[in-house]
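> Just the structure for this:
(2 chains)
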2 protein chains.
Amino acid sequence: MRITVPAGGVGAARFLRGLRRAAPEAEITVIGNTGDDITLFGLRVCPDLDTVMYTLGGGINEDQGWGRDAETFSIRAELAAYEASPDWFTLGDKDFATHIRRSQLLADGEPLSAVTEALGRRWRPGVRLLPMSDDPVETHVVLAGPEGRVVHFQEWWVRMHAATPAAQIVASGAERARPAPGVLEAIEAADVVLFPPSNPVVSIGTILAVPGIRAAVAARTVVGVSPIIGGSPVRGMADACLAAIGVDTSAAAVAAHYGPELIDGWLVDDEDKAAADDPALAGIAVRVLPLLMRDLPATTAIARAALDLALELRER
Amino acid sequence: MRITVPAGGVGAARFLRGLRRAAPEAEITVIGNTGDDITLFGLRVCPDLDTVMYTLGGGINEDQGWGRDAETFSIRAELAAYEASPDWFTLGDKDFATHIRRSQLLADGEPLSAVTEALGRRWRPGVRLLPMSDDPVETHVVLAGPEGRVVHFQEWWVRMHAATPAAQIVASGAERARPAPGVLEAIEAADVVLFPPSNPVVSIGTILAVPGIRAAVAARTVVGVSPIIGGSPVRGMADACLAAIGVDTSAAAVAAHYGPELIDGWLVDDEDKAAADDPALAGIAVRVLPLLMRDLPATTAIARAALDLALELRER
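Numbers count the residues shown, from 1 in each chain, chains lettered A, B, ... in the order given. Alright, predicted model coming up:
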């Protein structure tokens, strides 16, 4: 069986750990969001790719959900002593090594997909991890207010904690980006496509903004896991992103935003069971189950439910 | 008083610490060798500049003479896990931060001299530290043997421990390099020029190979401190470098190699007192004193002797 999963960061990485357990024989291809990527201190940082790679490779900081385990912060302190900016993005020493190696390979002329594969040879994540594109795409946020100042997504998210509302969120460069080698093929060859509980705007939304990807996904059987439980994001500040595109922070509204032309099935938490009868979700098969990824067994059950629903819908 | 000092790494850095103590009111300009510079993991490493900066700025590993104090090695282990090469050049985590910052500023288009000044704002070394040139110069070694393989100086020095004889040592790029801004001015404005006990071939020799520097130095009153005591280099493998240019490993031979047209005075150790009567050193004022830089008082005495001799010769 072939499963393809467009993925953001922490939520996707944890979901994938469950999926790998739920479908140990499946060939899983992960299409990682690169819109969060940022160049810091001259080094290319790919937070979502790294979170997936570290989580599936056993190198993640489990408590935090991102960054490396048993991390130290010498470099950060040194760069601060050199008054290097920015000072609001925390990178540990081990994590820096990944960015140094990535930047070295990119500078040697390797595309990001080849670099990601090279890094993955160390981590053996048990999935095929592809960046959505080898072309640079950066998510930028137009801040609300008369100035309309534009900041990199990471500045809005990490430094400003999304406290200033976003008037608009733009996947800068997406319209000119081409899917990375293997991305369209992995979608076209997929028995099912699963959306993990990633941010619908800046993770899944950004991946879908790369020309060709949305249409390829829409042609498959797609089941998504709601990233919203009881009107709140399980993790992160997806509400701030949804507000920017005029979508309510609810499991039903996110499903309606994707729409029946894109997704075939949708998993919602028990708290959101009303979505099962929501006329706005006509054409989308809704299943209700506990969606908190408390631990690996719970996460595996969620992944299993998503996969089962997808296989069921695929037979129809 | 203005003192200008062409400098290599450890020996020069320690000598400078003594000189700063011996002449606390002097304006000291250090012209750092950049022939040892190397790009590792995509980052620009300037070993001699950093050794001077860390030593005078209080951040050096005192036992080792190079690298940072209280260092850790996470990044090195991580890069090895990624199978990044080379694995023979040891860089600590704090040291990596310097190379990250330097590379970031260079990538922003700053010349090495401006970058060195920026890094120095943190370290406040108490001297003006200039790279010999903003243009890339790399010392390469043609290995003896039928193959005549060419390696970067660092590979010969660090990986091979200079065990394979050098047929030739080439300051690659030196003939096209221009002295960095301020270098010729600092030599021309110097009351005296002092050669610390640096490697005569790959440190002082490389600096002198940048067009314009040798002539400017020759026009000043110059006193050097022998890096050879009793037929051996005090530190490092200067003998292997001297052999490559056909110069004996002796205090007298190094002075004769520089020659009376370049240096006016020469300090030798008690062990080498015969140099004072060596007819090959006609035209060079030789002084005999203990030259081992055991500690700061001993080093300060050596620096004071070099300065005193230079001032005396200048009056003649």
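> Remind me which helix or strand the nearest residue to residue A:249 once chain neighbours are set aside belongs to.
Nearest residue to residue A:249 in three dimensions, chain neighbours excluded: residue A:239, at 4.1 Å (Cβ to Cβ, 6 or more residues apart in numbering or on different chains). Backbone N, C-alpha and C define where each C-beta goes, glycine included. Using DSSP states H and E, residue A:239 sits in helix A:238-244.
> same deal with residue A:129?
Using DSSP H and E, residue A:129 falls in strand A:128-131.
> residue ranges with poor pLDDT in the stretch 201-316 of chain A?
Within the stretch 201-316 of chain A, not a single segment meets pLDDT under 70.
> Which parts of it are helices?
A:204-208, A:213-218, A:238-244, A:251-258, A:296-315 (DSSP state H, counting those that start in this stretch).
> The stretch 1-150 of chain A against chain B: which residues are in contact?
Contact residues, the stretch 1-150 of chain A versus chain B (Cβ under 8 Å from any Cβ of the partner chain): A:41-43, A:72, A:74-75, A:78-79, A:81-84, A:93-94, A:96-98, A:100-101, A:103-104, A:107-108, A:118-119, A:121-122.
> if I pick residue A:249, what's in contact with it?
Neighbour list for residue A:249: A:228, A:231, A:232, A:233, A:238, A:239, A:242, A:243 [criterion: Cβ atoms under 8 Å, 6 or more residues apart in numbering or on different chains].
> Give me the neighbour count for the closest residue to residue A:271 other than its chain neighbours.
Counting by Cβ to Cβ, 6+ apart, residue A:230 is the residue found nearest to residue A:271 once chain neighbours are left out, at 3.9 Å. Per other Cβ atoms under 10 Å in any protein chain shown, the neighbour tally for residue A:230 reads 14.
> any idea how far residue A:230 is from residue A:195?
19 Å (Cβ to Cβ, to the nearest Å).
> hang on, the earlier thing: mind exporting the C-alpha coordinates of the helix holding residue A:239 to PDB?
The C-alpha coordinates for helix A:238-244 follow below in PDB (Å, rounded to 0.1, in the frame of the first residue of the first chain):
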ATOM      1  CA  ALA A 238      -3.800  27.900  13.800                       C
ATOM      2  CA  ASP A 239      -6.700  30.100  15.000                       C
ATOM      3  CA  ALA A 240      -4.700  33.200  14.100                       C
ATOM      4  CA  CYS A 241      -4.000  31.700  10.700                       C
ATOM      5  CA  LEU A 242      -7.600  30.700  10.100                       C
ATOM      6  CA  ALA A 243      -8.800  34.200  11.100                       C
ATOM      7  CA  ALA A 244      -6.500  35.700   8.400                       C
END
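> Residue A:91 and residue A:211, how far apart?
Distance, residue A:91 to residue A:211, using Cβ to Cβ: 32 Å.
> Who has more neighbours out of those two?
With neighbours defined as other Cβ under 10 Å, residue A:91 and residue A:211 compare such that residue A:91 has more, 21 against 13.
> contacting residues for the more buried one?
Residues in contact with residue A:91 (Cβ under 8 Å, 6+ apart) are A:40, A:45, A:67, A:75, A:76, A:99.
> who's in contact with the first one?
The neighbourhood of residue A:40, defined by Cβ under 8 Å, 6+ apart, consists of A:86, A:89, A:91, A:99.
> What's opposite it in the beta bridge?
With DSSP bridges as the criterion, residue A:40 is bridged to residue A:43.
> What score does it have for pLDDT?
As predicted, residue A:40 sits at a pLDDT of 97.
> just the second one next, same as before
Per-residue pLDDT puts residue A:45 at 98.
> who are the neighbours in contact with it?
Counting by Cβ under 8 Å, 6+ apart, residue A:45 has contacts A:37, A:38, A:39, A:89, A:91, A:99.
> wait, what's in contact with the third one?
I take that to be residue A:39. Here residue A:39 is in contact with residue A:45 (Cβ under 8 Å, 6+ apart).
> Give me the phi and psi for the residue of the stretch 101-250 of chain A found nearest chain B.
Closest residue of the stretch 101-250 of chain A to chain B, Cβ to the nearest Cβ: residue A:104 (3.7 Å). Backbone torsions for residue A:104, taken as degrees, to the nearest 10, come to phi -60, psi -50.
> Enumerate every residue touching it.
Contacts of residue A:104 by Cβ under 8 Å, 6+ apart are B:41, B:42, B:84.
> go on, residue A:30?
A:4, A:5, A:6, A:7, A:12, A:16, A:52, A:127, A:128, A:129, A:130.
> Would you state the helices of the stretch 51-200 of chain A in chain order?
Secondary structure of the stretch 51-200 of chain A by DSSP H, counting those that start in this stretch: the helices cover A:74-81, A:93-107, A:112-123, A:153-154, A:183-188.
> how far out from the middle of the chain is stretch A:165-172?
17 Å (Cα atoms, centre = their mean, to the nearest Å).
> Just the CA atoms of it, as CSV, please.
Output of stretch A:165-172 as CSV, limited to C-alpha atoms (Å, rounded to 0.1, in the frame of the first residue of the first chain):
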residue,chain,number,x,y,z
PRO,A,165,-3.4,39.8,13.7
ALA,A,166,-2.5,38.8,10.2
ALA,A,167,-4.3,40.7,7.5
GLN,A,168,-3.0,38.3,4.9
ILE,A,169,-0.8,35.3,4.8
VAL,A,170,1.2,34.9,1.5
ALA,A,171,3.2,31.9,0.4
SER,A,172,5.8,34.0,-1.4
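> Quick one: mean pLDDT for it?
Computed over stretch A:165-172, the average pLDDT equals 96.
> Now do the buried residues in that stretch.
A:166, A:169, A:170, A:171, A:172 (16 or more other Cβ atoms under 10 Å in any protein chain shown).
> returning to that earlier point: among the contacts of residue A:91, pick out the one closest to chain B, please.
Scanning the contacts of residue A:91 for proximity to chain B, where the rule is Cβ to the nearest Cβ, the winner is residue A:75, at 4.5 Å.
> which residues sit in contact with that closest one?
Applying Cβ under 8 Å, 6+ apart to residue A:75 gives the contacts A:91, A:92, A:93, A:96, B:75, B:93, B:94, B:96, B:97, B:100.
> Using TSV, lay out those together with pLDDT and distance to residue B:159.
Listed next are the contacts of residue A:75 as TSV, based on pLDDT from 0 to 100; distance: Cβ to Cβ, whole Å:
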residue	pLDDT	distance to residue B:159
A:91	97	30
A:92	97	29
A:93	98	24
A:96	98	24
B:75	97	19
B:93	98	21
B:94	98	23
B:96	98	19
B:97	98	24
B:100	98	23
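> Closest one of those residues to residue B:158?
residue B:96 (16.4 Å; Cβ to Cβ).
> Surely that closest one and residue A:96 touch.
Yes: if you go by Cβ atoms under 8 Å, residue B:96 and residue A:96 touch, sitting 7.2 Å apart.
> Now the two most distant members of the contacts of residue A:45.
The two members of those with the most space between them (Cβ to Cβ) are A:37 and A:91, at 13.5 Å.
> Identify all contacting residues around the strand holding residue A:129.
A:27-32, A:34, A:46, A:49, A:52-53, A:56, A:112-113, A:116-117, A:120, A:180-183, A:186.
> Not counting sequence-adjacent ones, nearest residue to residue A:141?
Nearest residue to residue A:141 in three dimensions, chain neighbours excluded: residue A:156, at 4.2 Å (Cβ to Cβ, 6+ apart).
> which residues touch the one you found?
A:141, A:143, A:162, A:164, A:166.
> What subset of those residues is buried?
If we count by 16+ other Cβ under 10 Å, the contacts of residue A:156 have these buried: A:141, A:143, A:162, A:166.
> my read: residue A:228 touches residue A:255, true?
No: look at residue A:228 against residue A:255 with Cβ under 8 Å: they stay out of range, at 9.5 Å.
> show me what contacts residue A:2?
Contacts of residue A:2 (Cβ under 8 Å, 6+ apart): A:26, A:27, A:29, A:186, A:189, A:190, A:191.
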